[in-house]
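> Provided below for reference: sequence and predicted model.
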Amino acid sequence: MSTTPSTAKNVLTSDVEIKGTLKFSGELMFEGKLEGEIQTDGVLQLGDSAIVNGNINAQTVVVRGKITGNVTAKEKIELKTKTELFGDIRAAKLVVEEGVTFVGKTEVNPNKVSPTAAPARPAEAPKFPEPAKPVGR
């Protein structure tokens with residue numbers, strides 16, 4: 001048995017609309033609409049009807065709905081089939097199923113950098129010549 005307290009499982013159905021910041025502990029299944037941000041040290045599950053316009057910071061995020069905003073998870077982000085995500089992702093682990101629409105950047109780093117590791121030097125962007133100009137006919 002774990003010594004951690006049991007986590008509360010909360011549900012907000014599709015008829016719920018929120019404007020502002022949503023904060024919770026434990027686990028939340030969200031099916032509604034949110035304009036704002038979500039902050040938690042727990043697990044967020046967005047259902048098929050969920051629409052979030054704002055950033056998400058959580059331990060774990062499982063997405064089935066639509067997000068317009070950045071998603072950061074300390075542990076894992078799962079993008080399920082039919083998810084639409086327009087924003088950047090940062091997580092230790094990322095799972096993407098077939099049929100996901102994702103427009104943004106990802107930063108997935110399962111290994112946290114140890115304090116004794118040498119700092120990574122950013123690579124220089126490759127320099128490409130200008131594209132060839134079309135020759136007149």
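Yes, it's here.

> where do the strands sit along this protein?
9-12, 17-24, 27-30, 33-40, 43-46, 51-53, 56-63, 66-68, 71-79, 84-86, 89-96, 101-103, 106-108 (DSSP state E).

> Check these for me and report the most buried one.
strand 43-46 (a mean of 24; mean count of other Cβ atoms under 10 Å). Where C-beta positions appear, they are placed from N, C-alpha and C, glycine not excepted.

> Out of the helices and strands in this structure, which is least certain?
Of all helical and strand segments in the chain, the minimum by mean pLDDT, DSSP states H and E falls on strand 9-12, at a mean of 90.

> Let me see the contact set for the residue nearest to the spatial centre of the chain.
By Cα atoms, centre = their mean, the chain has its centre lying nearest to residue 71, at 2.9 Å. Residues near residue 71 by Cβ atoms under 8 Å, 6 or more residues apart in numbering: 55-56, 58, 61, 63, 77, 85, 87-91.

> again, but for residue 91
Going by Cβ under 8 Å, 6+ apart, the list of residues near residue 91 reads 61, 71-77, 107-108.

> low-confidence ranges in this protein?
Residues of the chain meeting the criterion pLDDT under 70: 1-8, 112-137.

> Just the closest of the contacts of residue 71 to residue 102, please.
Distance to residue 102, by Cβ to Cβ, is smallest for residue 85 among these, at 4.9 Å.

> any idea how far that closest one lies from residue 111?
Going from residue 85 to residue 111 by Cβ to Cβ, to the nearest Å gives 24 Å.

> export the contacts of residue 91 to CSV and tack on distance to residue 48?
Below are the contacts of residue 91 laid out as CSV (distance: Cβ to Cβ, whole Å):
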residue, distance to residue 48
61, 15
71, 17
72, 23
73, 20
74, 25
75, 23
76, 20
77, 17
107, 27
108, 25
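
> Could I get the phi/psi values of residue 100?
Per-residue torsions, residue 100: phi -90, psi 140 (degrees, to the nearest 10).

> surely it meets residue 85?
Yes: assessed by Cβ atoms under 8 Å, residue 100 is found in contact with residue 85 at 7.3 Å.

> Find residues that contact each of those two.
Common neighbours of residue 100 and residue 85, using Cβ under 8 Å, 6+ apart, are residue 79.
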